[in-house]
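Visitor: Build me a structure from this.
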Amino acid sequence: MGTTFRRGKRWGINYIDDAGQQVRKIVSPYKETAEIILKKIEIEIAEGKYLDIKKEKSVLFEDFVQNYLNTYVRLENKNIKKQECLINNLVNHFKGKHLHQMDTLTIRQYLSQRLKKVKPSTVNRDFSMLKCMFNRAIEWGMFIGTNPTQGIKKIPEKNNRCRWLTEEEQNNLLSCCQGLTKVIVTIALKTGMRRDEIFHLKWCQSPNSNYVDFESGMIFIHESLAKSDKSRHIPLSNAVRLALQEVPRVHGVDYIFLNPETNKPLGSIKQSFKTAMIKAKIQDFRFHDLRHTFASSLVKNGVDLYVVQKLLGHATPKMTQRYAHLKVDQLKEAIKKIDIHQNSLLYNATSENSTDLAHQALHQNDLLPVVV
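Guide: Residues are numbered from 1 along each chain as shown. Model prediction:
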């Protein structure tokens, strides 16, 4: 139990807080008021101890972000650059708010505003980031209560675009590309790698990195740099090997596609790719469609969809199924087999019926009178 005490003309209280520390402080010039304050504090301590009633911590969103980056993203070797980009968008909107002020309605309003400016897939990435952040905040005791993202569903994504190039268009495009752009486009066409996966390629094996293993003839994509968060291996084709041999190596730098001004991975080839597209007279085509072209070529050449899924790094077969309609030859072959089987059955049935009819005719002839 706490006690009150007098110091001069003012009254103070003395008690043990919920952390086990003794607290003495002056609170009022009146003994009655000090007793009321002490009683209230004792009730709050008892509630916290016996009823598990905890005070809401006042943590600013931007302060929590720093903890999240340092103790989760960097510690677990997540894709830091990509994560920071997502987080910066969230900080710009929620800066100045405390975690306990961010309820389900607040988050829904944010998602609704974002949807007016960006694609559903981008909004869903923001939502997934928020969900993960609040899970960590609850785990670390920085947020009390239910995750405010709970009950909110992701926005349906209409990601059905499947534009690809014919072999003639591919050759035409490559002939219009120059320098590193030609090498990068070749890799995209022959491996199906995403743009950022290509830009982060290194000459040799390195921790938490994408790299080319020339000895084993494989390209390795690290999970931290893959969209599906799963690592994968892609066989190194002769076309890609020859293209990489045209790239000069920079001493002391591992990255293959280097920005010479920053000594960091290349950031974009948007302008040079656009120029090549105009020269090749190819319309309605994006860099990511090179990935679709790779997948389409595999399917048309009879490669199983499961293998295509593994090469592309799709987390589930759903994304790979968009290419199923391209298996025209296999479908025709399947129907042909059915036709052959059915024709065989019909032929056998007809032959048996013909034999029966012949026997019946001979039998009937035996019963007929002979005319001289």
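
Visitor: Only C-alpha atoms from now on, for both contacts and neighbour counts.
Guide: Fine.

Visitor: pLDDT at the closest residue to residue 226 other than its chain neighbours, what is it?
Guide: Closest residue to residue 226 apart from its sequence neighbours, by Cα to Cα, 6 or more residues apart in numbering: residue 197 at 7.1 Å. As summarised for this prediction, residue 197 has a pLDDT of 93.

Visitor: again, but for residue 76
Guide: 66.

Visitor: for the one 4 residues further on, same thing?
Guide: Reading off the per-residue confidence, residue 80 sits at a pLDDT of 70.

Visitor: Equivalent analysis for residue 334, please.
Guide: Looking at residue 334, the pLDDT reads 66.

Visitor: Next: residue 303.
Guide: pLDDT, read off for residue 303, is 88.

Visitor: ditto for residue 276
Guide: 96.

Visitor: Residue 117 too?
Guide: For residue 117, pLDDT reads 89.

Visitor: again with residue 113
Guide: pLDDT, residue 113: 92.

Visitor: what are the ranges of the helices in this protein?
Guide: 31-50, 61-68, 80-94, 104-115, 120-139, 167-176, 179-191, 195-199, 238-244, 270-280, 289-300, 305-312, 317-320, 328-367 (DSSP state H).

Visitor: Would you reformat these as a markdown table and include mean neighbour count and distance to residue 154?
Guide: Converted to a markdown table, the helices of the chain look like this (neighbours: other Cα atoms under 10 Å; distance: least, Cα to Cα, whole Å):
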| stretch | mean neighbour count | distance to residue 154 |
| --- | --- | --- |
| helix 31-50 | 15 | 36 |
| helix 61-68 | 16 | 22 |
| helix 80-94 | 14 | 16 |
| helix 104-115 | 15 | 10 |
| helix 120-139 | 17 | 6 |
| helix 167-176 | 15 | 36 |
| helix 179-191 | 22 | 30 |
| helix 195-199 | 19 | 25 |
| helix 238-244 | 15 | 38 |
| helix 270-280 | 16 | 30 |
| helix 289-300 | 22 | 25 |
| helix 305-312 | 17 | 23 |
| helix 317-320 | 14 | 17 |
| helix 328-367 | 11 | 34 |
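
Visitor: could those go into CSV alongside distance to residue 8?
Guide: CSV is the format used below for the helices of the chain (distance: least, Cα to Cα, whole Å):
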stretch, distance to residue 8
helix 31-50, 12
helix 61-68, 42
helix 80-94, 48
helix 104-115, 50
helix 120-139, 46
helix 167-176, 90
helix 179-191, 82
helix 195-199, 72
helix 238-244, 85
helix 270-280, 77
helix 289-300, 81
helix 305-312, 79
helix 317-320, 78
helix 328-367, 96
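
Visitor: closest one to residue 253 among those?
Guide: Evaluated over the helices of the chain, closeness to residue 253 peaks at helix 195-199, with 13.7 Å, by Cα to Cα.

Visitor: Which elements pack onto the closest one?
Guide: Under the contact criterion of 3 or more Cα pairs under 8 Å, 6 or more residues apart in numbering; DSSP states H and E, helix 195-199 touches helix 179-191.

Visitor: Determine the angle, from 0 to 180 degrees, between the helix it packs on and helix 270-280.
Guide: Angle, helix 179-191 to helix 270-280, by axes from the mean of the first three to the mean of the last three Cα atoms, to 10 degrees: 80 degrees.

Visitor: ok now helix 179-191, how far from the chain's centre?
Guide: Between the centre of helix 179-191 and the centre of its chain there are 23 Å (Cα atoms, centre = their mean, to the nearest Å).

Visitor: Which residues does it contact?
Guide: 174, 193-195, 198, 234-237, 239-240, 243-244, 246-247, 257, 269, 272-273, 290-291, 293-294, 311 (Cα atoms under 8 Å, 6 or more residues apart in numbering).

Visitor: Now with 6 Å, please.
Guide: Helix 179-191 has contacts (Cα atoms under 6 Å, 6 or more residues apart in numbering) with 240, 243, 290, 294.

Visitor: how near is residue 17 to residue 2?
Guide: Distance, residue 17 to residue 2, using Cα to Cα, to the nearest Å: 10 Å.

Visitor: Oh, that last question was meant for residue 303, not what I typed.
Guide: When residue 303 is compared with residue 2 (using Cα to Cα), they lie 78 Å apart.

Visitor: ok, now residue 83?
Guide: Distance from residue 83 to residue 2, by Cα to Cα: 49 Å.

Visitor: Thanks again, I'm all set now.
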